[in-house]
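[1] Kindly return the folded structure for what I paste below:
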Amino acid sequence: MTAKQPTVFVPHGAGPCFFMDWNPADAWDNMAAYLRSIRDTLPEQPKAILMVSAHWLETEFRVTSGASPELIFDYYGFPQHTYELTYPAPGHPELAQQVVELLRNEGLAAASDDERGYDHGMFIPLKLMFPEAEIPVVQLSLRQDMDPEAHLQAGRALASLREQGVLIVGSGMSFHNMRGYGDPRFGPISDQFDAWLKQTVEAEPEQCFQGLSQWEQAPMARQCHPPRAEEHLIPLMVTAGAAGEDRGQRDFTDRVLETTLSGYRFG
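    Next comes the predicted model:
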């Protein structure tokens, strides 16, 4: 019997923050420990991982279908050694095709992409979560319109994969206003939005879906995720949609760079 996997939304930090010196030195330690702990909370090792990264946006849903995707170092201005990181996880062309078909069956335009590599929203957190890089990974893009309902629908379309042992991971940040990081004035702002997000995720599924579909109306929503820059929140919609009737919970929170950052789990 294959165990049904949960879905998780994880903060992936700032660029390659876990693999370099930072000031203060312990800024990302709690988040790194959280990411490393996730594997031990799963019912069994996943058969595959479907990663929804904030760093890939397309006009329609796209899915990596290459057998051995290369890494995309889509961060800038960091130490040279961070551009030499490796994560040789295999792709999974068969799973990629299944993802495309499941999305299309729900009326969502989708296509495979055998040339796209893994961006840092994928390989940075997975280097901590599954450092051996032996589990096949398929990466799913966001849609450029960042319509929350469409991404909830995409999650619902993919929910059956959990029964096949596929771990669905949303990789983003619960707060992502670049001007706010390091500014103590944004501490209370991030707290208000985080409190709303926790209450919404932990509500009954239908209330959760309704709240997330209208997230822009949440307290301080646009101060935490500025207009047309909410791509770090939208992966949460896919993971919530894929949860089905499973209740969510906040299973990580920390104060980093003067802001509150959280992680969530369903099932």
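[2] okay, how far is it across stretch 251-261, tip to tip?
    Terminal residues of stretch 251-261 are spaced 11 Å apart (Cα to Cα, to the nearest Å).
[3] got a list of contacts for that stretch?
    10-11, 14, 27-28, 30-31, 34, 173-175, 180-184, 186-187, 190-191, 194, 198, 262-265 (Cβ atoms under 8 Å, 6 or more residues apart in numbering). Heads up, the C-betas are built off the backbone N, CA and C, glycines and all.
[4] buried set for it?
    D251, F252, T253, D254, V256, L257, T259, T260, L261 (16 or more other Cβ atoms under 10 Å).
[5] Can you give me the separation between the second one and F123?
    Remark: distance between F252 and F123 (Cβ to Cβ, to the nearest Å) = 20 Å.
[6] And the fourth one, by the same measure?
    D254 sits 22 Å away from F123, going by Cβ to Cβ.
[7] how much space between M173 and G13?
    Relative to G13, and taking Cβ to Cβ, M173 is found at 8 Å.
[8] Neighbour count for the two, which is higher?
    M173 (27 against 24; other Cβ atoms under 10 Å).
[9] OK, contacts around that one?
    By Cβ under 8 Å, 6+ apart, the neighbours of M173 are P11, H12, A54, H232, L233, L261.
[10] Which of the residues you listed sits closest to F209?
    Nearest to F209 among those, counting by Cβ to Cβ, is L233 at 14.8 Å.
[11] Excluding chain neighbours, give the residue nearest to the closest one in space.
    H225 (5.1 Å; Cβ to Cβ, 6 or more residues apart in numbering).
[12] Which stretches in the stretch 151-267 of the chain count as strands?
    Taking DSSP state E, counting those that start in this stretch as the criterion, the stretch 151-267 of the chain contains strands spanning 166-172, 248-256, 259-266.
[13] Starting from the second one, tell me which strands it pairs with and how they run.
    Strands adjacent to strand 248-256 in the sheet, as given by DSSP bridges, are strand 259-266 (antiparallel).
[14] okay, the angle between the partner strand and strand 166-172?
    If you take axes from the mean of the first three to the mean of the last three Cα atoms, to 10 degrees, strand 259-266 sits at 160 degrees to strand 166-172.
[15] what bridges to T64?
    Bridge pairing for T64 - DSSP bridges - gives D113.
[16] Could you tell me the end-to-end distance of stretch 233-250?
    Termini of stretch 233-250 sit 14 Å apart (Cα to Cα).
[17] Now H55: which helix or strand?
    strand 48-58 (DSSP states H and E).
[18] What strands line up against that strand, and which way round?
    Going by DSSP bridges, the partners of strand 48-58 are strand 137-143 (parallel), strand 166-172 (parallel).
[19] Out of those strands, flag the one nearest Q80.
    strand 166-172 (24.1 Å).
[20] avg pLDDT for the closest one?
    On average, the pLDDT along strand 166-172 is 98.
[21] ok, now stretch 188-201?
    98.
[22] In the biggest helix by length in the chain, which residues are buried?
    For the chain, the longest helix by residue count, based on DSSP state H, is helix 186-201. Within helix 186-201, the residues that count as buried by 16+ other Cβ under 10 Å are F186, I189, S190, D191, Q192, F193, D194, W196, L197, K198, T200, V201.
[23] what about dumping the CA coordinates of that helix to PDB?
    Extracted in PDB, the C-alpha atoms of helix 186-201 (Å, rounded to 0.1, in the frame of the first residue of the first chain):
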ATOM      1  CA  PHE A 186       6.700  45.900   8.600                       C
ATOM      2  CA  GLY A 187       6.700  43.600  11.700                       C
ATOM      3  CA  PRO A 188       3.200  44.500  12.800                       C
ATOM      4  CA  ILE A 189       2.000  44.500   9.200                       C
ATOM      5  CA  SER A 190       3.300  41.000   8.600                       C
ATOM      6  CA  ASP A 191       1.800  39.900  11.900                       C
ATOM      7  CA  GLN A 192      -1.700  41.000  10.900                       C
ATOM      8  CA  PHE A 193      -1.600  39.200   7.600                       C
ATOM      9  CA  ASP A 194       0.000  36.100   9.100                       C
ATOM     10  CA  ALA A 195      -2.800  35.900  11.700                       C
ATOM     11  CA  TRP A 196      -5.400  36.100   9.000                       C
ATOM     12  CA  LEU A 197      -3.600  33.400   6.900                       C
ATOM     13  CA  LYS A 198      -3.300  31.000   9.900                       C
ATOM     14  CA  GLN A 199      -7.000  31.400  10.700                       C
ATOM     15  CA  THR A 200      -8.000  30.900   7.000                       C
ATOM     16  CA  VAL A 201      -5.800  27.900   6.400                       C
END
